[in-house]
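Trainee: Show me how the following folds:
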Amino acid sequence: MSVTITDSNATVDFQNAELLCISGYKRTSTGIALSEWIITLTNGSYTVSTKTGLDGKYEFCGLAPGQYTLTELLKPNWQQVSAPGLVTAECEDVTNQDFTNKPSPNVCCSCSPYPKYTYNALPKVNGVIPVQFTDTSTGPMAVRWKWTFGDGAQSNEQNPLHNYAKSGSYKVQLGIQWLDCSGKLSTTWKTTTTTIRVT
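Mentor: Now for the predicted structure:
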């Protein structure tokens, strides 16, 4: 800022606004946390997205006071129950901006869970071999995943990208937990194990 002083004193004021956070959780209608859902925050031309964590939490920080719109990217076979929509952040952080979802009626909650996956080896990067794993499980809605990749590494993501240090055969296991017809989380895991070849 430039100030021109002629023959009298000049007073210049500075105003600052504290940057804020907006946060919330993504859950089922029975309270089970949903991870890896994409939440998007917009304010005019400003748009930013993040994924929910294993506890279902998302958070956007460094925000100027104002009005923001929160939306979710709906996954297949799910329907929205509630969403925060327009959020006003003024002088303090805004919390509990929760999204609630439930499986679509066409999901067979009484069917037997069948964990399965596909994988795709990508070109080598800096000497490692990235492999994209995609969950293709069928039956009731899976909401928890447990991967072991045969090289000592693990992941709880639904569709993890894993880097193998060298070529070879690896025994990969996928375990899932799912929602029963009352919306409760299964008390057991169902697993599938196959050997993949990475070159």
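Trainee: How about the contacts made by K190?
Mentor: 113-115, 175-176, 178 (C-beta atoms under 8 Å, 6 or more residues apart in numbering). From N, CA and C alone the C-beta is placed, and that goes for glycine too.
Trainee: Go ahead and flag the most central residue of the chain.
Mentor: Per C-alpha atoms, centre = their mean, the C-alpha nearest to the average position across the chain is that of E36, at 2.3 Å.
Trainee: quick one: secondary structure of T100?
Mentor: At T100, secondary structure determined by DSSP: H, G, I helix; E, B strand; the rest coil is strand.
Trainee: Quick check, pLDDT for it.
Mentor: As predicted, T100 sits at a pLDDT of 98.
Trainee: on that earlier part again, nearest to V81 among the contacts of K190?
Mentor: For the contacts of K190, the closest approach to V81 (C-beta to C-beta) belongs to W178, at 18.5 Å.
Trainee: Could you count how many residues lie near the closest one?
Mentor: W178: 24 surrounding residues under other C-beta atoms under 10 Å.
Trainee: With adjacent residues omitted, what lies nearest to it?
Mentor: With C-beta to C-beta, 6 or more residues apart in numbering as the criterion, W178 has its nearest non-adjacent residue at 4.3 Å, and that residue is P140.
Trainee: show me where pLDDT drops low in the protein?
Mentor: Residue ranges of the chain with pLDDT under 70: 1-17.
Trainee: Let me see the residues that make contact with the longest strand anywhere in it.
Mentor: Counting residues, the longest strand found in the chain (DSSP state E) is strand 168-178. With C-beta under 8 Å, 6+ apart as the test, strand 168-178 has contacts from 113, 115-117, 119, 133, 135, 137, 139-151, 164, 185-186, 188-198.
Trainee: isn't the residue nearest to W178 right up against N106?
Mentor: No. P140 lies out of contact with N106 (C-beta atoms under 8 Å); the separation is 12.0 Å.
Trainee: more crowded one of these two?
Mentor: Set P140 next to N106 and count neighbours by other C-beta under 10 Å: P140 wins out with 22 against 6.
Trainee: OK, contacts around the more buried one?
Mentor: Neighbours of P140 in contact, by C-beta under 8 Å, 6+ apart: 103, 107-111, 113, 178-181.
Trainee: circling back: can you point out the buried residues in the longest strand of the chain?
Mentor: Using 16 or more other C-beta atoms under 10 Å as the test for burial, strand 168-178 gives 170, 172-178.
Trainee: Ok, stretch 41-52 next?
Mentor: 41, 52.
Trainee: How far off centre is it?
Mentor: 14 Å (C-alpha atoms, centre = their mean, to the nearest Å).
Trainee: can you list the domains in the chain?
Mentor: If you go by automatic domain parsing, the domain ranges for the chain are 20-103, 117-198.
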